[in-house]
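[1] need a structure here:
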Amino acid sequence: MTTQEPPGGWAQPMAVEPAPNPYAVKYGLGRCWGYGAVSFGLWTFYWFYVNRRLIDGESGRGRDDALMHSLGLFVPILNYFILYWLWRDIDELRRRFGMPGFSVVGYVIGAIFLAPVFYSLVLVKLNEYWDVRTQGLAVDAPTTSAEKGLLIAGGVLFGLWALFVVAVIVVAIVAGSN
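    As a prediction, this is how the structure comes out:
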């Protein structure tokens, strides 16, 4: 029995999609601020979802509620409980690896008044955790297609919002001149 030689010959290896880097778990502060701003805030929900899944996996409790928690961020008051749960789990993981904890309740109260500052503080603590957990092998997560889509969608939303503001100003000026 003869088989036909594949294109490129027998010696040509097949192209294989590289496996994702299991150490690509960190998000830099500049990336988070920049992507959050460019996406008109949409990217922060993506970040939350991805990190909730990672933290759930690290905690070993078998939970898979990242989507529900991410959607819950849209609900006033509930969103602070959801932040508390994520930050509590990050604090617990840090302590499990011998790292200093942080005042989760204090951070949530601080986030009520200065959300970007306390979000940034927790992000730094999470990246420190990944460095200790992976023994220094953690690297920045690559930008995914989903992130790029959110950046585009957020840019479109920002453009629509800006047009709305301009329209309101024009209507106010026209109505005021009559």
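[2] pull out the buried positions in stretch 101-119.
    Neighbour counts over stretch 101-119 (16 or more other Cβ atoms under 10 Å) mark Phe102, Val104, Tyr107, Val108, Ala111, Phe118, Tyr119 as buried. C-betas here are computed from N, CA, C, even on glycine.
[3] same thing with stretch 64-72?
    Neighbour counts using 16+ other Cβ under 10 Å place Ala66, His69, Ser70, Gly72 of stretch 64-72 among the buried residues.
[4] ditto for stretch 35-52
    Of all the residues in stretch 35-52, those buried under the rule 16+ other Cβ under 10 Å are 35-36, 38-40, 42-52.
[5] ok, now stretch 136-143?
    With burial defined by 16+ other Cβ under 10 Å, the residues of stretch 136-143 counted as buried are Ala138, Ala141.
[6] could you tell me the end-to-end distance of it?
    End-to-end distance for stretch 136-143: 21 Å, by Cα to Cα, to the nearest Å.
[7] helix or strand: which one has the residue minimising distance to the centre of the chain?
    When the chain is reduced to its mean C-alpha position, the closest residue under Cα atoms, centre = their mean turns out to be Trp47, at 0.8 Å. Here Trp47, judged by DSSP states H and E, is contained in helix 42-59.
[8] quick one: contacts of whichever helix or strand comes after that helix?
    Tracing the chain C-terminally past helix 42-59 and defining elements by DSSP H and E, one meets helix 66-72 next. Counting by Cβ atoms under 8 Å, 6 or more residues apart in numbering, the neighbours of helix 66-72 from elsewhere in the structure are Phe45, Phe48, Tyr49, Val50, Arg52, Arg53, Asp56, Leu78, Asn79, Ile82, Trp85, Leu86.
[9] so for stretch 27-41, mean pLDDT?
    The average pLDDT for stretch 27-41 rounds to 95.
[10] one more: stretch 170-177?
    Stretch 170-177 comes out with an average pLDDT of 91.
[11] return the set of buried residues in whichever strand or helix holds Ala175.
    Assigned by DSSP H and E, Ala175 belongs to helix 145-177. Along helix 145-177, the positions that meet the burial threshold by neighbour count (16+ other Cβ under 10 Å) are Glu147, Leu150, Leu151, Gly154, Phe158.
[12] which elements pack onto that helix?
    Under the contact criterion of 3 or more Cβ pairs under 8 Å, 6 or more residues apart in numbering; DSSP states H and E, the helices and strands touching helix 145-177 comprise helix 29-38, helix 42-59.
[13] much appreciated, bye for now.
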